[in-house]
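>>> just to be clear, the model below is a prediction. Sequence and coordinates:
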Amino acid sequence: MRLRPWFVLVGLAGVILVTLTATHDPVGATASPAQVDHTSMAFGPNAQTASVTSTSPELVVAYVAADGDSPNQTVKVSGGGLTWTRVARSNAQLGDAEIWSATTTGTPFSVTAAPRQTGLDTELTVITYKGARGVGASATASAYSGAPAISLTPISSGGIATTVGFDWTNSVDRTLPSDQALLQENTDPAGDTYWVQDAPAPTTAGTKVTLGDLAPTSDQWDLAAVEVTSAASPAPTTTSTPATGRTTTTVTGSTSTGSPSTTHPSTTVPSTTTPSSTTTATTTTTTTTSTATGPLPAGVVLQPIDGGADFYTSHGYTKAAPLDNPNFFPIGIWYPSLNSGSDVDSYKSLDINMLDRPDGNCNLSLLAGTGVYAIPQYGECGGATGSGIGNESVGLFTDDEVDGNYGPGPGYTYLQNLIDNVPSSLKSGRFFWTNYSYNLLLYETTAQASQFINDYQQTVSIDMYWFTSIALHTANNPYDQCNNFYNITGCTDDQAERGSNYGTVIDDERALVSPLGSEPVWSFVEDGCPFTGSDNLCITPAQMNWAVWSSIIHGARGIIYFNHSFSGPSESDNNFEDAYYTTTGITPQAQATNGLITSLAPVLNDDTALNYVTASRAPTSFSGIETMAKYHDGQFTIFADTRDSGSVTDIPATFHVADPSATSVTVVNENRTIPMVNGTFTDTFATGSTVHIYRVNG
């Protein structure tokens, strides 16, 4: 069984557990610069190994450029007994450019870069740095044509900005600006160029650095860049907010303190008991901190959503531009039928905007201009030629539960072969999505699960149905979820059947993404009776609503309903159109939940406000109040639910916000306002499954 990694991307929690955030040096500050100590290089087909000289512990960075037959080539760096962390990966175009870092032990060692697609060339450049603290800002960029260029904003002064690139179109020397230096360059007979370049001048905190080439100007390329920070600059610390501005932070790591209240990361779940109803970019930059205008309460830090608001277009997935619209939150159903316009009308009436792996006989052209999009599997909905896949298809589905069907090793090969066999014309501008089984979290090691999560797709999900599977929480059962997630042997039915557990699954998925917070994670929620045999429980409307919102507030950037029932009073392959599920409230609840999500999409797609709100009874595994705050258009919105039993009633809660000047909160969809005194207000949760959403006034 894989031990649970007790760290999550902070920001969706009432308790902030930071081990690596970063603040800028004062803008314009100077520091003794970091310097290159030793450089090693290897170039040739398949995996490449470079020998490194090291006489004292210091930062080492591996810059890797690899040829690829298709987008989504990846590499893995290892060696020297060091702990290697991937800093950046750029592979939206053909080939791959990656940056990995580690700390040396002070003795000579070897480094190996192994590409996933073999038989092609790889360039490995390994640089050790003296006077360096670590890595700071990083960025990725890709384009089908144009002069290679990438920008990042350093978080410290005295550092070095470096980029690694791959040109799939031509074997041609780079023409660099006068203020940049070529560190390595290789070409091959296949017509590719591999190179590393830097800006020798020491960085200045807050001053953007652009790395790039004057020529060629019409080739296809991938770039990854990193800032090596100076040891003389201030150490990374948790960001404090100046009185005149607000701060946006992307945290690159966090760990639990081990206290009982943080064994489960306390991210929050918005739901209500009765809810109601582009431009293409080519560069994405991940920096640990950036500033924006507008005052915030002291100590409040803003954290972007996973991958950033423009994740898809900024990574070159231009056909997925609708998913970057701030008014669009993906709400999908699994394996839906799509044979007539009435199917589309039915989905739209429920605010469903994504068809996730439509059934193989679907007619995707019915979606044109409807605002509903699809992620088909290659070979379905148009056959082997993909002729039925058009602009309505924003991504491509690889396969379902590969980890459980094949396991590590064979599963990796199977997934890569699937991706390699998709024609380039269909891959262009589209991301890959994979759904994994609970085996990935319950049985596989962290290393095995991480490879599945990070190496094949750009959006990921895991299906784990707490409300309807008895086996998954029975003591001594090999699939005992509670042993894995909460370190107890078996849950009671009451402990397992809580919507907050779906958020726990999202926590674990997000913890596996590397770098943390760099890609979207979606959540599966059942809407009927998905199991047969002894596992024949059925979810209720309140439970479904709770699970959906728990997933979102724990960081899920999309929801997928498992819309099939294989047992229960009415077996169905489309629960939402089955009369039984309308009568029992499932379909009306989905319509209300989805409508509320859609209305709040601009808020949910905006920054999370860390340190803004706390609540009484800090959340633990099976009790307490969870909170999350969002900041949108100058207003804070608080989402809160419980981790208590769904059967408990009249649960009191006290909330405290960081702004003592706030006067009241308006409770969304409940037609009531609660006064606030000295930044504090109280409320009651009717049951454990109740969720409140508060808009802060004043």
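Received the coordinates, thanks.
>>> return the set of buried residues in stretch 684-698.
685, 687, 688, 689, 690, 691, 692, 693, 694, 696 (16 or more other CB atoms under 10 Å). Bear in mind the C-beta positions are built from the backbone N, C-alpha and C, glycine included.
>>> pipe the residues you listed into JSON lines and attach pLDDT and secondary structure per row.
Output for the buried residues of stretch 684-698, formatted as JSON lines (pLDDT from 0 to 100; DSSP: H, G, I helix; E, B strand; the rest coil):
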{"residue": "685", "pLDDT": "96", "secondary structure": "strand"}
{"residue": "687", "pLDDT": "96", "secondary structure": "strand"}
{"residue": "688", "pLDDT": "95", "secondary structure": "coil"}
{"residue": "689", "pLDDT": "96", "secondary structure": "coil"}
{"residue": "690", "pLDDT": "92", "secondary structure": "coil"}
{"residue": "691", "pLDDT": "89", "secondary structure": "strand"}
{"residue": "692", "pLDDT": "93", "secondary structure": "strand"}
{"residue": "693", "pLDDT": "92", "secondary structure": "strand"}
{"residue": "694", "pLDDT": "95", "secondary structure": "strand"}
{"residue": "696", "pLDDT": "97", "secondary structure": "strand"}
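>>> name the nearest of those residues relative to residue 161.
residue 696 (39.7 Å; CB to CB).
>>> for residue 538, what is the enclosing helix or strand?
Here residue 538, judged by DSSP states H and E, is contained in no helix and no strand.
>>> dump the residue contacts of it.
468, 528, 529, 565, 567, 568, 569 (CB atoms under 8 Å, 6 or more residues apart in numbering).
>>> filter these to the buried ones?
468, 528, 529, 565, 567, 568.
>>> can you tell me which of those residues lies closest to residue 227?
Using CB to CB, residue 468 is the member of those that sits closest to residue 227, with 47.6 Å.
>>> what's near enough to touch that closest one?
526, 529, 530, 531, 535, 537, 538, 539 are the contacts of residue 468 under CB under 8 Å, 6+ apart.
>>> would you list those in CSV and tack on pLDDT and distance to residue 369?
Below are the contacts of residue 468 laid out as CSV (pLDDT from 0 to 100; distance: CB to CB, whole Å):
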residue, pLDDT, distance to residue 369
526, 97, 31
529, 94, 35
530, 94, 33
531, 90, 38
535, 64, 41
537, 89, 40
538, 94, 37
539, 96, 34
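>>> in those residues, find the pair that's most separated.
Going by CB to CB, the pair spanning these furthest: 535 and 539, at 12.4 Å.
>>> and the helices in the stretch 301-450 of the chain, which stretches?
With DSSP state H, counting those that start in this stretch as the definition, the stretch 301-450 of the chain shows helices at residue ranges 311-314, 341-349, 402-406, 410-420, 424-427, 439-442, 446-455.
>>> of all these, which lies closest to residue 42?
Closest among these, using CB to CB: helix 446-455, at 21.7 Å.
>>> tell me the helix or strand right after that closest one.
Counting by DSSP H and E, what follows helix 446-455 is strand 459-462.
>>> sheet partners, orientation included, of that following strand?
strand 431-436 (parallel), strand 521-526 (parallel) (DSSP bridges).
>>> quick revisit: out of the contacts of residue 468, who's nearest residue 178?
Using CB to CB, those come closest to residue 178 at residue 526, 60.7 Å.
>>> hmm, back to that, turn the strands paired with strand 459-462 into JSON lines, including distance to residue 460 and mean neighbour count.
Shown next, in JSON lines, are these (distance: least, CB to CB, whole Å; neighbours: other CB atoms under 10 Å):
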{"stretch": "strand 431-436", "distance to residue 460": "6", "mean neighbour count": "24"}
{"stretch": "strand 521-526", "distance to residue 460": "6", "mean neighbour count": "26"}
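>>> adding distance to residue 581, write those out as TSV.
Shown next, in TSV, are those (distance: least, CB to CB, whole Å):
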stretch	distance to residue 581
strand 431-436	22
strand 521-526	12
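>>> out of the ones you listed, flag the one nearest residue 367.
strand 431-436 (16.7 Å).
>>> what sits up against that closest one?
72, 312, 315, 317, 320, 356, 375, 394-404, 415, 419, 452-453, 456-463, 522, 524, 560.
>>> low-confidence regions, the chain specifically.
1-32, 70-72, 233-294, 383-384, 472-480, 534-535 (pLDDT under 70).
>>> domain map for it?
35-230, 316-604, 607-697 (automatic domain parsing).
>>> for these, which one sits closest to residue 308?
domain 316-604 (8.7 Å).
>>> can you give me the end-to-end distance of the closest one?
Distance between the two ends of domain 316-604: 23 Å, counting by CA to CA, to the nearest Å.
>>> distance from it to the middle of the chain?
15 Å (CA atoms, centre = their mean, to the nearest Å).
>>> make residue 1 into 51 and carry on from there
Right, with 51 as the first residue, what we last looked at is domain 366-654.
>>> quick revisit: ok, the buried ones among the contacts of residue 588 vs residue 157, which is closest?
residue 518 (54.2 Å).
>>> how about the nearest residue to the closest one, chain neighbours excluded?
Excluding the flanking residues, the one nearest residue 518 by CB to CB, 6 or more residues apart in numbering is residue 587, at 4.3 Å.
>>> I'd say the one you found and residue 520 touch.
Yes - using CB atoms under 8 Å, residue 587 makes contact with residue 520 at a distance of 6.6 Å.
>>> who has more neighbours, the two?
residue 587 (20 against 16; other CB atoms under 10 Å).
>>> for that one, which residues are in contact?
Applying CB under 8 Å, 6+ apart, the residues contacting residue 587 are 517, 518, 519, 520, 579, 581.
>>> also residue 166?
Contacts of residue 166 by CB under 8 Å, 6+ apart are 123, 124, 125, 126, 462, 466, 505.
>>> and for residue 618?
578, 579, 586, 588.
>>> can you tell me the SS state at it?
Each residue gets one of three states, and residue 618 gets coil by DSSP: H, G, I helix; E, B strand; the rest coil.
>>> residue 588 versus that one, what's the distance?
5 Å (CB to CB, to the nearest Å).
>>> next, the angle from the helix or strand where residue 561 lies to strand 571-576.
Residue 561 belongs to helix 550-562 when elements are defined using DSSP H and E. Counting by axes from the mean of the first three to the mean of the last three CA atoms, to 10 degrees, helix 550-562 lies at 150 degrees to strand 571-576.
>>> for helix 550-562, packing partners?
helix 489-492, helix 496-505, strand 509-512, helix 531-536, strand 571-576, helix 591-603 (3 or more CB pairs under 8 Å, 6 or more residues apart in numbering; DSSP states H and E).
>>> out of these, nearest to residue 189?
Short answer: helix 496-505, nearest of those by CB to CB, at 18.2 Å.
>>> return that closest one as PDB; C-alpha atoms alone will do.
The C-alpha coordinates for helix 496-505 follow below in PDB (Å, rounded to 0.1, in the frame of the first residue of the first chain):
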ATOM      1  CA  THR A 496       4.300   7.200  -4.900                       C
ATOM      2  CA  ALA A 497       6.800   6.800  -7.600                       C
ATOM      3  CA  GLN A 498       4.600   4.500  -9.600                       C
ATOM      4  CA  ALA A 499       1.500   6.700  -9.200                       C
ATOM      5  CA  SER A 500       3.500   9.800 -10.000                       C
ATOM      6  CA  GLN A 501       4.600   8.400 -13.300                       C
ATOM      7  CA  PHE A 502       1.000   7.700 -14.300                       C
ATOM      8  CA  ILE A 503      -0.100  11.200 -13.200                       C
ATOM      9  CA  ASN A 504       2.700  13.200 -14.700                       C
ATOM     10  CA  ASP A 505       3.900  11.600 -17.900                       C
END
